[in-house]
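Chemist: Whatever this is, show me its structure:
(chains A, B, C, D and E)
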Amino acid sequence: MKLIGIADTTFARVDMGAAAEDELKTMGTGFKIVRYTVPGIKDLPVACKKLIVEQKCDIVMALGMPGPKDKDKNCAHEASTGIIAAQLMTDHHIIEVFVHEDEAPDAKTLDWLAKQRAREHARNAYNLLFRPDVLSRNAGKGLRQGYEDAGPIRE
Amino acid sequence: MKLIGIADTTFARVDMGAAAEDELKTMGTGFKIVRYTVPGIKDLPVACKKLIVEQKCDIVMALGMPGPKDKDKNCAHEASTGIIAAQLMTDHHIIEVFVHEDEAPDAKTLDWLAKQRAREHARNAYNLLFRPDVLSRNAGKGLRQGYEDAGPIRE
Amino acid sequence: MKLIGIADTTFARVDMGAAAEDELKTMGTGFKIVRYTVPGIKDLPVACKKLIVEQKCDIVMALGMPGPKDKDKNCAHEASTGIIAAQLMTDHHIIEVFVHEDEAPDAKTLDWLAKQRAREHARNAYNLLFRPDVLSRNAGKGLRQGYEDAGPIRE
Amino acid sequence: MKLIGIADTTFARVDMGAAAEDELKTMGTGFKIVRYTVPGIKDLPVACKKLIVEQKCDIVMALGMPGPKDKDKNCAHEASTGIIAAQLMTDHHIIEVFVHEDEAPDAKTLDWLAKQRAREHARNAYNLLFRPDVLSRNAGKGLRQGYEDAGPIRE
Amino acid sequence: MKLIGIADTTFARVDMGAAAEDELKTMGTGFKIVRYTVPGIKDLPVACKKLIVEQKCDIVMALGMPGPKDKDKNCAHEASTGIIAAQLMTDHHIIEVFVHEDEAPDAKTLDWLAKQRAREHARNAYNLLFRPDVLSRNAGKGLRQGYEDAGPIRE
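Modeler: Purely as a prediction, here's the structure:
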C-alpha cells in the first residue's frame, strides 16, 4: 500500500485538494491519501517534507494559488525553491501545482483551471508512482496541465 | 506543555509580538510562549532555528516589517528564503508574518494591519499545533490575514 | 561499465532525450544509459538526484524546454538552482540542457536547436566522464552548444 | 571569555572593521575580537562560517560595501543569502552590515554612514551576546542603523 | 605542499586559467596547481567542490565569462549561488572570477580585463592561503580586480 500526500492551503480560493483526491481515486487502487492543510504557499515546503518524513508518504502533491501582485509572485518563487529543496533532502517527488490568480480572465475560468490542473497533475503523480512508462512514452510531447497541450513540434 | 516561539525585530515600527502573544492567550491553554527579539528580518531565520533547536519550541512565529525600498524587498526575500530553509532543516513550522510598510496608505492603518495580521496568524499557529482540523475545513476558502478574506470562488 | 542518466520532461515539445541518447552511442562504448521522464523542469532536480543516488549513475543530463513567459523563466531559474544543489549534494555532474522556447524564431529552428544542443552537451557529458583532456584543451575557446561557437578572442 | 568575529573586505572603501572594533571595546569586557579580511562580499559567507567553526567565535559581524551597479546588487544578494545559510548551518548569529555605495549622496557621507552603521550594529552584536534584554525592550521600536531611527508608530 | 585548484570553462572566450596559473607561479612556491575544465559556469560549483573534496585542494579559483544576455546573467547568478554553497559545505574558499562580456567595450579590452582580473584574484587566492596579513592590511582600501582601484575614501 502506497501513500500519496496532498498538501494545500486556506489561502487558495478553490479546493484544489478535493479535485486532486477525486482524480486520484479514478486512476486505480493500491494507495491511501493523506491530506494536510496549511495557511499559505510558503508553509507548503515543510508541510510536504513532514508528509514524507513523518507520515511516510511515497509522493506528495503541493497545491497552491499565488495572488496576482509582485509580492505574491515572490512568495511563489520562495515556495517553489523550498519545494525543490524538500525533494532533494528526501529523494522523493513533490508535484507542485500552482495556479496564479492572473492566469485566468475571470473567476469561473480560474475555478475550472485550478481543478483541471490539479486533476492532470494527480495523474502525473499517480504515474510517477505506479506507471513511469506512461511518462516515458510522452517525453517531448509538449504536454500541459490545465489549458490545452502545446503538442510536439512536427519535424 | 507545548512551546510557541515568537521572534520579532527592533526594526519593525509596531510591536507585532505583543499582539501575537495576546491573541495566543485567548486561544486556549497548554502552551508557553518564548520571545526572542533580533535587530532585523535577516536575523530572523537563525533566531527561529535557535528557538526550535535550543529552546525546543514546537512552532515559531517570525514577525517582521520590511521597508518600502527595493533594498528592503530584497531583504524580505532573503529572510523568507532562510525561514523556509530553517523549517526544512528542523521539520517544524515557522509562520512568517511580514507586513510591508507600503501595504498600508498611512501609519495608523499600518499599525492596525500589522497587529491584525499578527493576531490572525497567531490563530493559524495555534491551529497547526492543536487544531489542524480547523485548517483542513478551510482548505481553498480564500482566507487572508490582515485585510478582508478573498473568499472561495463560487462554482 | 559506467552509467549515464538522461532525465527529460513531457512538457518539452522536442524529444531531446532521444537526440542525446543517439549522440552518446556515437561517442564510444563502456557505458549504459538510464532514462527517466518527469512532467516538467521543476521535477528534474530530484529526478537527477534519484538517478545518481538510487540508480548509481556516474553523470546525468537534465533536458528541458522552458516556455517563453516570465512564469516559465522563473521555473527555469528554480530548476537550475535545484540542479546545482543536487550536484553539490552528490559530488556528481549534472549537465543541464535547457532550450528556451524564445531562443528560436520558429518551430522548425527550435526543433533543430533543441536536438543540436542536446547532442553537443551529450559530447560534453561523455568527455567529462571518459575524456576530460578534451575539455581541458578547449578551455577559453568560446564553445557554444546549439548555435555556432563564439570562438576565442584573438590577442 | 567570548569571541566576536569581524569579517570585512578589501573591496570596501571604508575601514568598517576598525569602527566596529572600536565600538565593541566601549561596550564592556568579557570578549576578544578575531579579525578576518577577504577580497569581496561574496567571500564573506565562508569567512564567517570559518570564524564560527574553526575559530570558535560566538557571534560574527560581516561588514561589506556593495557597489552601485546591478551587478553589485546581485553580488550583495548572493552574499546575503550565503550569510543566512551560514547562520542556519551553525546556529550562530552573523550580523550583516552592508552599506550600499548609492545610499549616500557623497563620499564624505558614505564614510560617515559606513562607520556609524558598523558601530550601531556592533552594539546589536554585543547585546545579542551579553544583553538580549536590551533588544527585547526595543521590539517594534523602529530602530535603524546609520541614518536616524524611524521610530515606533504611535497608536 | 598546498594544492590550488583552478576550474574554468570551454564557454569563456579567454584562457583565464592560464593567466591565473602564470600569476600564481610568480607569487611564490609551496603549492601545486590542479586544473579542471568544464563546459559552462553552471558546471563550476560542483567542479570546485570536487577539487576540494576529491582532489584535496586547499583553495580553488572559479573562472568564468558570462555572456551579455539576461539568460546569461541568470546563469551567472545561479553559478555564484552554487559557488557560495560549495564553500559553506566544505569550509574552503573558492575565489570567483567572473568577467561579464559586457564589462568591456571591445574584444581586445575584454581579453585584457579577463586576464588581468584572473591575475589579481590569483594574488588574492595566494594571500588567503599563505599571507592573510596582506589582506588584513588592505581592509577597506577600495581594491578592485581588473579595472583600477576605487581606493579608500579620505576622511
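Chemist: wait, does the longest helix along chain A contact chain C?
Modeler: Ranked by residue count, the top helix of chain A under DSSP state H comes out as helix A:107-130. Yes. Helix A:107-130 reaches chain C (CB under 8 Å from any CB of the partner chain) through A:121, A:124, A:128. Yep, even glycine has a C-beta here, placed from its N, CA and C like the rest.
Chemist: ok, A:Leu44 touching A:Ala7?
Modeler: Yes. Using CB atoms under 8 Å, A:Leu44 is in contact with A:Ala7, at 5.4 Å.
Chemist: give the contact list for the residue nearest the centre of chain A.
Modeler: Centroid-nearest residue in chain A: A:Val97, 3.1 Å away (criterion: CA atoms, centre = their mean). By CB atoms under 8 Å, 6 or more residues apart in numbering or on different chains, the contact set of A:Val97 is A:16, A:20, A:61-64, A:117-118, A:121, A:145.
Chemist: Not counting sequence-adjacent ones, nearest residue to whichever residue of chain A sits closest to chain E?
Modeler: Proximity of chain A to chain E (CB to the nearest CB) peaks at A:Thr81, 10.6 Å away. Nearest non-adjacent residue to A:Thr81, counting by CB to CB, 6 or more residues apart in numbering or on different chains: C:Glu78, 5.6 Å away.
Chemist: Helices of chain A, start to end?
Modeler: Using DSSP H, helices in chain A cover A:16-27, A:44-53, A:70-90, A:107-130, A:132-137.
Chemist: Chain A against chain B: which residues are in contact?
Modeler: Close to chain B, as judged by CB under 8 Å from any CB, chain A has residues A:8-18, A:35-39, A:42-43, A:45-47, A:49-50, A:53-54, A:71, A:74-75, A:78-79, A:81-82, A:85-86, A:89, A:107-108, A:110-111.
Chemist: Out of these, which end up buried?
Modeler: Buried residues within the residues of chain A next to chain B, counting neighbours by 16 or more other CB atoms under 10 Å in any protein chain shown: A:8-18, A:35-39, A:42-43, A:45-47, A:49-50, A:71, A:74-75, A:78-79, A:81-82, A:85-86, A:89, A:110-111.
Chemist: Looking at the residue of chain A found nearest chain D now. What's its pLDDT?
Modeler: The nearest approach of chain A to chain D comes at A:Thr81, 10.6 Å away (CB to the nearest CB). You'll see A:Thr81 listed with a pLDDT of 98.
Chemist: roughly how far apart are it and B:Pro105?
Modeler: Distance, A:Thr81 to B:Pro105, using CB to CB, to the nearest Å: 32 Å.
Chemist: can you check A:Asn124 too?
Modeler: 44 Å.
Chemist: Same question for A:Tyr126.
Modeler: A:Tyr126 is 48 Å from B:Pro105, by CB to CB.
Chemist: give me the low-pLDDT residue ranges for chain A?
Modeler: In the predicted model of chain A, residues A:155 satisfy pLDDT under 70.
Chemist: ok, 50 please
Modeler: Within chain A, not a single segment meets pLDDT under 50.
Chemist: which parts of it sit against chain C?
Modeler: Counting by CB under 8 Å from any CB, the residues of chain A near chain C are A:73, A:76-77, A:80-81, A:83-85, A:87-88, A:91-96, A:100, A:121, A:124, A:128, A:132, A:135-136, A:138-145, A:150-155.
Chemist: Please convert the buried members of those into ChimeraX selection syntax.
Modeler: Selection of buried members from the residues of chain A next to chain C for ChimeraX, criterion 16+ other CB under 10 Å:
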select /A:73,76,77,80,81,83,84,85,87,88,92,93,94,95,96,100,121,124,128,135,136,138,139,140,141,142,143,144,145,150,152,153
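Chemist: need the contact list for the residue of chain A closest to chain D.
Modeler: B:81, B:84, C:78, C:81-82.
Chemist: let's go with 10 Å and repeat that
Modeler: By CB atoms under 10 Å, 6 or more residues apart in numbering or on different chains, the residues touching A:Thr81 are A:45, B:80-81, B:84-85, C:42, C:74, C:77-78, C:81-82, C:85.
Chemist: Touching, A:Cys57 and A:Ile95? I think so.
Modeler: No. A:Cys57 is beyond contact range of A:Ile95, at 11.7 Å (criterion: CB atoms under 10 Å).
Chemist: Now do the shared contacts for the two.
Modeler: With CB under 10 Å, 6+ apart, A:Cys57 and A:Ile95 have common neighbours A:4, A:6, A:48.
Chemist: Contact partners for the last one?
Modeler: Neighbouring residues of A:Cys48 by CB under 10 Å, 6+ apart: A:5-7, A:36, A:38, A:57, A:59-62, A:82-83, A:86-87, A:90, A:92, A:94-96, B:88.
Chemist: interface residues of chain A facing chain E?
Modeler: Chain A comes close to chain E at no residue, as judged by CB under 10 Å from any CB of the partner chain.
Chemist: coming back round to it: mind checking which of the helices of chain A is nearest B:Phe31?
Modeler: helix A:44-53 (19.4 Å; CB to CB).
Chemist: what angle do that closest one and helix B:70-90 make?
Modeler: 10 degrees (axes from the mean of the first three to the mean of the last three CA atoms, to 10 degrees).
Chemist: Could you check how many residues crowd around A:Gln116?
Modeler: For A:Gln116, the count of nearby residues is 17 (other CB atoms under 10 Å in any protein chain shown).
Chemist: wait, it sits on A:Gly146?
Modeler: Yes. The pair A:Gln116 / A:Gly146 is scored as a contact, 5.2 Å apart, by CB under 10 Å.
Chemist: Can you pull the residues of chain A lying near chain D?
Modeler: Near chain D, when you scan chain A using CB under 10 Å from any CB, you find nothing.
Chemist: so what's A:Ile83 up against?
Modeler: A:7, A:41, A:44-45, A:47-49, A:60, A:62, A:64, A:94-96, A:98, B:84, B:88, C:42, C:46, C:78, C:82.
Chemist: meant to ask about A:Leu63, not that
Modeler: A:Leu63 neighbours (CB under 10 Å, 6+ apart): A:6-9, A:12, A:14-20, A:37, A:41, A:44, A:95-99, A:114, A:117-118, A:121-122, B:139-140.
Chemist: Cool, thanks, signing off.
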